[in-house]
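**Student:** sequence below, structure please.
(one chain, ligands or ions: 1)
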Amino acid sequence: MYDIVIIGAGTAGLSAAIYTRRSGKSCLVLEASAYGGQIINAPDIENYPGIKHISGFDFATGLFEQATDLGAEFAFEKALSIEDQGETKVVHTDSNTYPCKAVILATGAKNRPLGLDREQELIGKGISYCATCDGMFYRGKAVAVSGGGNTALEDAAFLSNYCSKVYLVHRRDQFRGDEKDVAVLRGKENVEFVLNANVTKLLGEERLNGVEVTDKFSGEKRVLPVEGLFVAIGQMPDNAPFANLVTLDNGGYIKADESCLTGTPGIYTAGDCRTKTVRQLTTAAADGAIAALAACGRL
Ligand code: NAP
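**Tutor:** The predicted structure follows:
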């Protein structure tokens, strides 16, 4: 039996694994896809204290190696449910069952879709949720980015380096992301801001060949002749499988106290999947440490 099973190998989960191992407890980290979580696709991280610049891949790989070197174990399996047997919790995955003494839910969040007709069908045919993964396919072409947070700003800056034109479509005229990044984009000749507007239609048969945007106030419609649309409108959690043991807020995030403890003894949560106001690498790492130390302290 493991002391702690950590669900999710993003920044929060990997930080929890490091602190668990440094506390002398055993842990298994379950991850449905690849280690690193959302940050693995960030081209450049500039706001993690003590590190001036690092790619998301290098950051995540460093965390993964640090956890592995300390003896954290990993299984790339999707956690489907948790059974609460009192002192023992049992985590069921798609292929195994893991009894443990405590669980840390660090499930992160997944990309929010625009919810437009044919959005799913056109993924990989013009629609993408990851500029760093797919941006190179649009070299020399016109693309649009939808969103106004740090991800959208970073995506637009990244794409502007090799796309002929980048439209940044945002539903307000104020950006949620950092002003410093907005200023950089304003200085780029091939970036056009399309503000107070929403993407309302995806155009093209086999592949995307344009998007319709609609002005929020005038209702005026305009077609942007783009071959790619990068959707960067935030994330949404995926905590429903664990709702029997934890309380979710209206947005589906897990409620927890200052020690990252949920309403169920022995079940903790850390990182972006948790109810909080600031979702940053720093807060994910901090949550991981807090949850792991609280869980270890209880064992
Ligand atoms: P975010 O900060 O939640 O921003 C989402 C953006 O999408 C907002 O501008 C929002 O508009 C817009 N939006 C949401 N739903 C929409 C919809 N249905 N239609 C159109 N627009 C919609 O998400 P994010 O940019 O992915 O960032 C997530 C977190 O990661 C943030 O805390 C961010 O600071 C952090 N992050 C940090 C870095 C970094 O530090 N290097 C890089 C990337 C992300 P409104 O503004 O009108 O709500």
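**Student:** what does the stretch 1-150 of the chain put close to the ligand?
**Tutor:** The stretch 1-150 of the chain comes close to the ligand at residues Ala42, Ile45, Asn47, Leu114, Gly147, Gly148, Gly149, Asn150, as judged by Cβ under 6 Å from any ligand atom. Every C-beta, even on glycine, is put in place using the N, C-alpha and C of the backbone.
**Student:** one more pass at 8 Å, please.
**Tutor:** If contacts are counted using Cβ under 8 Å from any ligand atom, the residues of the stretch 1-150 of the chain sitting beside the ligand are 38-39, 42, 44-47, 112, 114-115, 146-150.
**Student:** same check, this time on the stretch 151-299 of the chain
**Tutor:** For the stretch 151-299 of the chain, the residues found near the ligand under the criterion Cβ under 8 Å from any ligand atom are 151-154, 170-172, 174-178, 198-199, 232-235, 272, 278-281.
**Student:** buried ones among these?
**Tutor:** With neighbours counted by 16 or more other Cβ atoms under 10 Å, those contain buried members at 151-154, 170, 175, 177, 198-199, 232-233, 235, 272, 279, 281.
**Student:** return the distance of Lys110 relative to Ser33.
**Tutor:** Using Cβ to Cβ, to the nearest Å, we find Lys110 at a distance of 10 Å from Ser33.
**Student:** quick one, helices of the stretch 51-200 of the chain?
**Tutor:** With DSSP state H, counting those that start in this stretch applied, the stretch 51-200 of the chain shows helices at 56-69, 131-134, 150-160, 179-186, listed in chain order.
**Student:** which one of those helices has the lowest average pLDDT?
**Tutor:** Considering the helices of the stretch 51-200 of the chain one by one, the lowest average pLDDT is found for helix 131-134, at a mean of 87.
**Student:** could you say what helices and strands it packs with?
**Tutor:** With contacts defined as 3 or more Cβ pairs under 8 Å, 6 or more residues apart in numbering; DSSP states H and E, the packing partners of helix 131-134 are helix 150-160, strand 228-231.
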